[in-house]
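Asks: need coordinates for the following:
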Amino acid sequence: GGEIVGCLGPNGAGKTTTMRRIAGYLEPDEGVAKIFNIDVAQERRRAQERVGYLPEGSPLYGEMTPWSYLRFIAETRGMSREAARHAVRRAAQDARLGDSINRPIETLSKGYRRRVGLAATLLHDPMLLILDEPTDGLDPNQRHAVRDLIRKLGEERGLIISTHSLEEVQAVCTRAIVIDQGHIVADKTPAELIADHGDLERAFATLTRGEERA
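Replies: Numbers count the residues shown, from 1 in each chain. Coordinates of the predicted model:
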């Protein structure tokens with residue numbers, strides 16, 4: 001089975017920067033990021049083959065359909081036409097795009113656009129997904145649907161999601177890492193954090209005020 005790790009922290013704590021470094025989009029100033037024991041800085045391409053990264057608010061081409069957009073992404077990844085067609089079909093199914101696959105992206109709801117972004121990260125069948133604020137800006141129904149999808153995707157692969165929603169951590173994450181000022185201040189299951197502090201709100205407030213930095 002997989003694991004869904006929630007990366008939590010106040011704004012400016014370093015969540016997005018951390019995500020970008022793990023995904024190989026930023027060089028680390030210090031320290032080492034490894035994916036399946038591959039050093040991202042040393043062997044970026046090999047590491048990136050194993051990772052799907054969805055940045056916050058990732059751009060999509062509105063006039064394209066999800067089908068044509070995903071084919072385009074697959075082919076820029078160097079897949080043959082046949083492999084691209086197969087990969088798009090599988091990713092669209094995993095992201096539950098349904099009938100929206102043939103409609104212009106600009107006509108789709110925010111929730112379905114987010115699914116198109118997720119499908120793009122799934123094209124090369126990565127073992128690890130890194131999702132930056134995957135439900136941000138969605139209405140409650142869309143958020144619920146995307147969280148269901150994240151849980152499903154986490155059954156077979158590793159996921160790291162950054163979020164500022166404690167409710168999301170409790171709903172989907174099997175592990176929570178709390179970051180404050182670039183440091184990991186906790187790495188526990190949501191249940192353990194609740195047991196330690198009474199609830200996640202209190203855990204978050206205490207840990208990120210630096211009171212437990214002993």
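Asks: which residues of this protein score low on pLDDT?
Replies: Screening the chain residue by residue with the criterion pLDDT under 70, one finds the ranges 1, 13, 26, 28-31, 210-214.
Asks: let me see the ranges of the helices in it.
Replies: If you assign secondary structure with DSSP state H, the helices in the chain sit at 15-22, 44-48, 66-76, 81-94, 110-122, 140-153, 166-172, 190-197, 200-208.
Asks: now the angle from the last one to helix 190-197?
Replies: With axes from the mean of the first three to the mean of the last three C-alpha atoms, to 10 degrees defining the directions, helix 200-208 sits at 70 degrees from helix 190-197.
Asks: quick one, phi psi at the residue nearest to residue 102 when sequence neighbours are not counted?
Replies: The spatial neighbour of residue 102 that comes closest, neighbours along the chain excluded (C-beta to C-beta, 6 or more residues apart in numbering), is residue 65 at 5.3 Å. For the C-beta atoms, the positions are set from N, CA and C on the backbone; glycine is no exception. For residue 65, the backbone dihedrals are phi -90, psi 160 (criterion: degrees, to the nearest 10).
Asks: surely residue 65 meets residue 107?
Replies: No: proximity of residue 65 to residue 107 does not meet the contact threshold set by C-beta atoms under 8 Å, at 9.5 Å.
Asks: more neighbours, these two?
Replies: residue 65 (18 against 11; other C-beta atoms under 10 Å).
Asks: any idea how far residue 88 is from the more buried one?
Replies: In this view, residue 65 and residue 88 are 11 Å apart by C-beta to C-beta, to the nearest Å.
Asks: likewise for residue 174?
Replies: Between residue 174 and residue 88 the computed distance is 29 Å (C-beta to C-beta).
Asks: please say which of those two ends up with more neighbours.
Replies: For the pair residue 174 and residue 88, the greater number of neighbours falls to residue 88 (27 against 16), based on other C-beta under 10 Å.
Asks: isn't that one up against residue 124?
Replies: No: using C-beta under 8 Å, residue 88 is not in contact with residue 124, being 11.3 Å away.
Asks: what number of residues lie near residue 105?
Replies: The number of residues packed around residue 105, counting by other C-beta under 10 Å, is 18.
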